[in-house]
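1. would you be able to build a 3D model of this:
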Amino acid sequence: MRAMTLAIMLVTVAALSAGAAEEIHSVLPAQAAVCLQADGPIDVDGELSDAAWQRAITVGGMTISAGDALAPNQTEFRLLYDAEALYVGVRCLEQNMQGLKTDVTTRDGSVWQDDVIELFIDLAHDHEHFLQFAANAIATRFDGKNGAATWDADWEAAASIAPDGWSLELRIAFAEMDTEPPAEGDVWGVNLCRERLAGGARELHNWANVEGNFHRPWLFGHVWFAGPDFELTPEVARAMYAAIGVPVRLALREGYAAIGPDGVQEELRYGAMLAAALAEAGELQAMHEELARAYREEQDVPFADEFAPLDERYQALQAAASGEDVSALIWATKTVEIDRLAFELNELRWKVRIALLLREA
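-> Here you go, the predicted model:
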């Protein structure tokens, strides 16, 4: 009786999981990325300086988990593979490097208590099972299967530290994952997540939004394995949709492609997305113009030293939005900058207004 009851429970849970995946993915476009074949050797040293990485497609736009807000400290990653292994290169921007937490030094220790990157792979693309690979900013490793820490594999991780962030490089052999090398056109479920502790409080960032719980394979993104000369032709787009089974937002070098059953439905360039976000920020532009006019037309307006760096940042935003070479990282960081700058300009505007009113009283 207990065995029968357990079997019924497992079938019910599986059905609910499949239903949840279908419901979510039928409404929201899923994240998708391309993993190219490496055209040269990769030295796993955490530097991401090998020529092969320069050809990989950079994926950005990490969001705060359980929402759609872009993370202020952005993360970008790249994927490559060869006949033996999967390679993952990650760059984490960090505004507070002094607060970077790297206390865990023991293999399979609680690396999630540090600043850490976590990679999740659903090899079968069944939205139920997954492997987990995590490493902190000093490359202390943790791995597990389906949420259990009892599984171990022999894989490589290396990290490097810079003044504005840290980088991580992973090499995971297919044999260690007990799988054959992927063929062109194969699809895996994948998600890349970051736990940020450097800000003082735990922040959960994700590529595919898993709604605050990294262990939700039915919400993972999708990785399409391609040859070294990938091109998103109409035939490839339709094949990608057929293999993934849901509409996706595919990360490309210069922007995103929305892919549905008929292939590419829309293409958005990062530059156009940034320009649109800035154009929609009418209040930001109004506040900047009010302050700029005041400093141009009036004498001895207070807080000029505070306006100067804000004006410089505003001009940099305008230049980026009108530029041709806007990457995923520039789009995401500058989009976040719009809200941050609007907040700071508003604070300064009221300080100036109050000071001028007091002076006239």
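
2. and the closest residue to residue 192 other than its chain neighbours, how close does it get to residue 126?
-> Once flanking residues are discounted, residue 192 sits nearest to residue 207: 4.7 Å by CB to CB, 6 or more residues apart in numbering. Placement of C-beta: from N, CA and C, glycine included. The gap separating residue 207 from residue 126 is 19 Å, by CB to CB, to the nearest Å.

3. now do the contacts for the residue most central in space within the chain.
-> Central residue of the chain (CA atoms, centre = their mean): residue 62, 2.8 Å from the mean position. The contact partners of residue 62, by CB atoms under 8 Å, 6 or more residues apart in numbering, come to 70-71, 74-76, 192, 194, 205-207, 332.

4. swap in residue 172?
-> By CB under 8 Å, 6+ apart, residue 172 lies in contact with 85-86, 88, 133, 153, 155-156.

5. now for residue 293, how many residues are close by?
-> Around residue 293 there are 10 other residues, counting by other CB atoms under 10 Å.

6. going on from the helix or strand containing it, what's the next piece of helix or strand?
-> Using DSSP states H and E, residue 293 sits in helix 282-297. The C-terminal neighbour of helix 282-297 among helices and strands, as given by DSSP H and E, is helix 304-321.

7. what helices and strands are in contact with that next one?
-> Contacts defined by 3 or more CB pairs under 8 Å, 6 or more residues apart in numbering; DSSP states H and E place helix 304-321 against helix 270-280, helix 282-297, helix 328-360.

8. next, the buried residues of whichever strand or helix holds residue 241.
-> Using DSSP H and E, residue 241 falls within helix 234-244. For helix 234-244, a neighbour-count test (16 or more other CB atoms under 10 Å) marks 236-238, 240-241, 244 as buried.

9. ok so, going back, looking at neighbours, which among the contacts of residue 62 is most surrounded?
-> Greatest neighbour count in these, by other CB under 10 Å, goes to residue 206: 28 neighbours.

10. give the contact list for it.
-> Residues near residue 206 by CB under 8 Å, 6+ apart: 62-63, 65, 191-194, 214.

11. could you do residue 75 as well?
-> With contact set as CB under 8 Å, 6+ apart, residue 75 has these partners: 60, 62, 90-93, 117, 192, 194, 205.

12. my guess is residue 260 contacts residue 240. True?
-> No. Taking contacts as CB atoms under 8 Å, residue 260 lies outside contact range of residue 240: 10.3 Å.

13. pretty sure residue 153 belongs to a strand, no?
-> No. Residue 153 is assigned coil when assessed by DSSP: H, G, I helix; E, B strand; the rest coil, not a strand.

14. for the chain, what helix or strand is lowest in average pLDDT?
-> helix 2-27 (a mean of 40; mean pLDDT, DSSP states H and E).

15. now find how far off-centre the helix or strand hosting residue 117 is within its chain.
-> For residue 117, the host element (DSSP H and E) is strand 116-122. Mean C-alpha position of strand 116-122 versus that of the full chain (CA atoms, centre = their mean, to the nearest Å) differs by 12 Å.

16. in its sheet, what does that strand sit against?
-> As defined by DSSP bridges, the strand partners of strand 116-122 come to strand 131-136 (antiparallel), strand 187-196 (antiparallel).

17. in the shortest one, what counts as buried?
-> Of the residues in strand 131-136, those scored as buried under the neighbour-count criterion (16+ other CB under 10 Å) are 131-136.

18. contacting residues around that strand?
-> For strand 131-136, the external contacting residues (CB under 8 Å, 6+ apart) are 101-102, 104, 111-112, 114-121, 123, 141-145, 147, 151, 153, 155, 157, 159, 168, 170, 172, 177, 215.

19. next SSE after that strand?
-> The helix or strand immediately downstream of strand 131-136 is strand 141-145, counting by DSSP H and E.

20. now the element after that following strand, going C-ward?
-> Following strand 141-145 in sequence order, the next helix or strand is strand 156-162 (DSSP H and E).

21. centre of the chain to that next one, how far?
-> 18 Å.

22. list the contacts of it.
-> Contacts with strand 156-162, where a contact means CB under 8 Å, 6+ apart, come from 44-47, 97, 100, 133, 135-139, 141, 166-172.

23. if you count neighbours, what's buried in it?
-> Neighbour-count burial for strand 156-162 flags 156-160 (criterion: 16+ other CB under 10 Å).

24. same check, this time on stretch 326-346
-> Applying 16+ other CB under 10 Å to stretch 326-346 flags 326-338, 341-342, 345 as buried.

25. and of these, the nearest to residue 313?
-> Nearest to residue 313 among those, counting by CB to CB, is residue 341 at 5.6 Å.

26. quick revisit: relative to strand 187-196, how tilted is the helix holding residue 241?
-> For helix 234-244 against strand 187-196, the angle by axes from the mean of the first three to the mean of the last three CA atoms, to 10 degrees is 80 degrees.

27. contact partners for the nearest residue to residue 43 once chain neighbours are set aside?
-> Using CB to CB, 6+ apart and skipping residues adjacent in sequence, the residue nearest residue 43 is residue 50, 5.9 Å away. The contact partners of residue 50, by CB under 8 Å, 6+ apart, come to 40-43.
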